[in-house]
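1. Mind looking at a prediction? Sequence and model below.
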Amino acid sequence: MLIPYEGKTVYAANHPIDFRMGIDSLTGLINRELKGNIHDGSLYVFHNKAKDKIKIFFWDRNGFVSYYKRLEGGCKFKVKLSLGQISSITYEDLDCLLAGVEPIHIERKYLEHEA
């Protein structure tokens, strides 16, 4: 993936947004909901009502970076809806979302280090 999110928090909107909203409108939404520092490098993920478009943006040193992905052929992103406007998600959940896989159906196995 082209998005450098190692060590960054990932936030996802739990409800669709109007995709005509630009960065200024989205940062206003984030400031109202999270009351955090929009310039800390965290990633913010938004989807449209049809669940076929995703916007991701973040602050990178001296400006905002915006990524946009649109699915074709009737495909939909597997967006998990929950209470509140914006919630934190894991890197694995973001990868699954962008790949079109539901994170809830992924079995994660972790290997223990042998001593």
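-> Cool, the structure landed. Since we're looking at a predicted model, the values are computed, not measured.

2. For Lys8, pull up the helix or strand it's in.
-> Using DSSP states H and E, Lys8 falls within no helix or strand.

3. Name the nearest residue to it, sequence neighbours excluded.
-> Gly41 (5.1 Å; C-beta to C-beta, 6 or more residues apart in numbering). Just so you know, the C-beta spots here come from the backbone N, C-alpha and C atoms, and that holds for glycine as well.

4. Can you give me the neighbour number for that neighbour?
-> Gly41 has 15 neighbours, counted by other C-beta atoms under 10 Å.

5. Secondary structure class of it, three-state.
-> Assigned by DSSP: H, G, I helix; E, B strand; the rest coil, the conformation of Gly41 is coil.

6. And it, what's its pLDDT?
-> At Gly41, the predicted lDDT confidence score is 86.

7. Please name the residues that touch it.
-> Lys8, Phe58, Trp59, Asp60 (C-beta atoms under 8 Å, 6 or more residues apart in numbering).

8. So which of those residues wins on neighbours?
-> Neighbour counts for the contacts of Gly41 (other C-beta under 10 Å) peak at Phe58, which has 23 neighbours.

9. On the strand side of things, show who the nearest residue to it once chain neighbours are set aside bridges to.
-> Distance criterion C-beta to C-beta, 6+ apart; nearest residue to Phe58, sequence neighbours excluded, is Leu43 at 4.7 Å. Counting by DSSP bridges, Leu43 forms beta bridges with Val10.

10. So Leu43 sits against Gly7, correct?
-> No - the criterion here is C-beta atoms under 8 Å, and Leu43 misses it with Gly7 at 11.1 Å.
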